[in-house]
Every structure is written in structure tokens, then in C-alpha cells.
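J.: Predicted structure and sequence below. I'll ask about it afterward.
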Amino acid sequence: MSTLRHFLDLDRFDTATLRRILDLAAEIKRNGANGHTPLLQGRTLAMIFEKPSTRTRVSFEVGMRQLGGNVVLLSENASQLGRGETMADTARVLSRYVDVIMIRTDDPGKLVELAEYASIPVINGLTDTSHPCQLMADVMTYEEHRGNIAGRVVAWSGDANNVARSWVHAAVRFGFRLRLACPRPFRRCSELLEWAQSEGGDVALTTSPRQAVEGADLVVTDTWVSMGMKEAEKRHNELAPYRVDTQLMAQAKPDALFMHCLPAHRGEEVTDEVMDGPQSVVWDEAENRLHVQKGILAWCLA
């Protein structure tokens, strides 16, 4: 059995391990005010980007450098991956050069193949089916503002996309109640919901945003049209009732928080009044990507 510490998806971890990573991230964040500790001095991170990025690229690169490490950036067009080299061969080669790999890609199969053939840790920076680094930052952000997320109610309004799927993983592992409000054309969650139920998770699916948000401690949404997705106009029409506005937020608890992983399409999935309002913690959420990813990097490299 491999002893490598990959960070692929939240459902692959037990709660205690995820808590250890969050505790490490919080400790690194606290210590940052007094100077950055070179925990990863002499180590090198390779970042593979097959999808565009702002937060993932900057937070991983800055985080690795603040921990004393080095970074190598590989885009699909500027590497042999864009010319047909397999993930398996790329994994074997990079394992001879660097200490850890982060990949942001479309097909989760590429992530699995990279991890299977690498002899160094691999981190999931995003795939079309999950976004675990984002969820770790979201949990950290909620707990900074409101305490332990266990037992709380989280409401999702929008597409059942990769971030929503990672919210299901997080609900099971961190013990909170999750209500997903998604239109019927996008309810692609049957297998995932079966997994959540088998693990004892409290996850419910509805087509009613008001039903999902009622009495919630946290309201979350994401962009309606992911990168490279077609039929944008049709999706906008079907998802319009799921827009998070002040009327929908009023159904949640008075002290409920609002999150969005960004980038946001203001006026589509969320209004300016909510994005910039007193319940929004989106900028803390974005900042915590940096701290959580430092914790993940430090944990992966022990």
C-alpha cells in the first residue's frame, strides 16, 4: 500500500485527517503575522494547468514560496501534455524533478492516473467533478466566523456542479446538514447521494431554493456556466430562479453567512446586494485558499 500523502478528494479521508490539515492551516495562518516559517525550504511544487485560474494559481504559488519552497508552472500548451504525452509518463518524469504536483484539469481520470504513476504527492486543484481545496477553505472560513460547522445547516442554490459535489463530501466528513437546491435537468447526483446516505450523511436534494435556504446557517452558490460549457443561454433560463438575492437570503437565519468560490457573475447567480452585503464572507473565503493550501502542502510533504 502506498504511503504517499495525495490530496485527491475529501471522501478519501477520515474526519480526523481533514481536521489535522485544517488545524495546520490555521496554525500557519496565525504564525504568518510574525514571519513565514520555511517549512518547505528546498522543496519544489510543479503546477499543471489545463484550465484557466486566478485563485488556484496565485494561492498555491504564493503559499509554496512563503513556506520557503520553489514553483514550476506547466500549462498544457507549453508542455508535452499538449502534444500527446500521457499523464502516466508525465508523472514518472516529474517525480524525478520535483517534490509535489498540483493539477487543475477537466477529467478526474487524469488526476487519478497522475497519482497512480507518481512517486510523489499529487494535489487536486480542481476537476470537473470536484474542488476539495475550495471546500477546505470554505469550512475554515465558516468556522472562523461562527465556530464548529458540525450540526449546522448549509444551503446550496444553483447547478449541481463540481463544487456542489465537494460540498456533499464535506457534509459527510464534517457532520453538517446540506440542502441542495438544483433544477431537475442538473440533478446528476444519485450516485453521490447514495454514497452520502451509506456514510450516514444528512444531505437532501430539492428543486426549491426557498425550501433549501429556510433557516440555513450558510448559503452558497457558484457560477451557472463552467469553463468550456455549452448551451449557456438555456442554462441561464433554467437557473434564474436559483439566483441568490436579498429575498432568498431573508429565508435563512438572520446571522447566516453567504459564500461564493469566485469568480462571480454578478447579477446572474448572485446580486451585488448579497455579494457586497454584511453577510458575505467571499473575500475571507478567497484569502483562506492561501492558508488552506499551505496546510495541504505541508501535510502532503509531512
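T.: Arrived safely, thanks for sending.

J.: Just the element for the residue nearest the centre of the chain, please.
T.: What sits nearest the mean C-alpha location of the chain, by CA atoms, centre = their mean, is Q134, with 2.3 Å. Assigned by DSSP states H and E, Q134 belongs to helix 132-146.

J.: C-terminal to that helix, what's the next element?
T.: Under the assignment DSSP H and E, the closest C-terminal helix or strand after helix 132-146 is strand 153-157.

J.: Convert that following strand to CSV, retaining C-alpha atoms only.
T.: What follows is strand 153-157, C-alpha atoms only, in CSV (Å, rounded to 0.1, in the frame of the first residue of the first chain):
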residue,chain,number,x,y,z
VAL,A,153,-27.4,23.8,8.0
VAL,A,154,-25.7,24.7,4.7
ALA,A,155,-27.9,25.5,1.7
TRP,A,156,-26.7,25.4,-1.9
SER,A,157,-28.7,27.1,-4.7
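
J.: what angle separates the helix or strand following it from strand 153-157?
T.: Next in sequence after strand 153-157, counting helices and strands by DSSP H and E, comes helix 162-174. Comparing the axes of helix 162-174 and strand 153-157 via axes from the mean of the first three to the mean of the last three CA atoms, to 10 degrees yields an angle of 170 degrees.

J.: ok, which stretches of the protein are helices?
T.: Here the chain has its helices, by DSSP state H, at 15-32, 55-66, 87-97, 108-117, 132-146, 162-174, 190-198, 209-213, 232-239, 246-249, 272-275, 282-300.

J.: Pull out the buried positions in the one helix or strand in the chain whose mean pLDDT sits lowest.
T.: Least confident helix or strand of the chain, by mean pLDDT, DSSP states H and E, is helix 232-239 with a mean of 82. Within helix 232-239, the residues that count as buried by 16 or more other CB atoms under 10 Å are R235, E238, L239. For every residue, glycine as well, the C-beta is placed using N, CA and C.

J.: any weak-confidence spans in the protein?
T.: Residues of the chain that meet the criterion pLDDT under 70 lie in 1-2, 33-36, 78, 82, 185-188, 226-232.

J.: hang on, the earlier thing: close enough to count as contact, the residue nearest to the centre of the chain and V163?
T.: Yes: if you go by CB atoms under 8 Å, Q134 and V163 touch, sitting 6.1 Å apart.

J.: Would you mind grabbing the residues shared as contacts by those two?
T.: Each of C261 lies in contact with both Q134 and V163 under the rule CB atoms under 8 Å, 6 or more residues apart in numbering.

J.: tell me, how many neighbours does T246 end up with?
T.: The tally of other residues near T246 (other CB atoms under 10 Å) stands at 11.

J.: Quick check: closest non-adjacent residue to it.
T.: Using CB to CB, 6 or more residues apart in numbering and skipping residues adjacent in sequence, the residue nearest T246 is E273, 5.1 Å away.

J.: Wait, that neighbour touches D245, no?
T.: Yes: shown here, E273 and D245 form a contact pair, counting by CB under 8 Å, at 6.9 Å.

J.: wait, what's in contact with the nearest residue to M87 once chain neighbours are set aside?
T.: Spatially, and ignoring its direct neighbours in sequence, M87 is nearest to E113 (4.2 Å; CB to CB, 6+ apart). For E113, the contacting residues are T86, M87, A88, A91, by CB under 8 Å, 6+ apart.

J.: now with 10 Å?
T.: Counting by CB atoms under 10 Å, 6 or more residues apart in numbering, E113 touches T86, M87, A88, T90, A91, D107, V122.

J.: Kindly write the ChimeraX command that selects the buried subset of those residues.
T.: Buried residues within the contacts of E113, by 16+ other CB under 10 Å, are selected in ChimeraX with:
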select :87,90,91,122
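
J.: Now distance to N70 too, for the contacts of E113, in a markdown table please.
T.: Formatted as a markdown table, the contacts of E113 follow (distance: CB to CB, whole Å):
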| residue | distance to N70 |
| --- | --- |
| T86 | 25 |
| M87 | 23 |
| A88 | 25 |
| T90 | 19 |
| A91 | 19 |
| D107 | 28 |
| V122 | 18 |
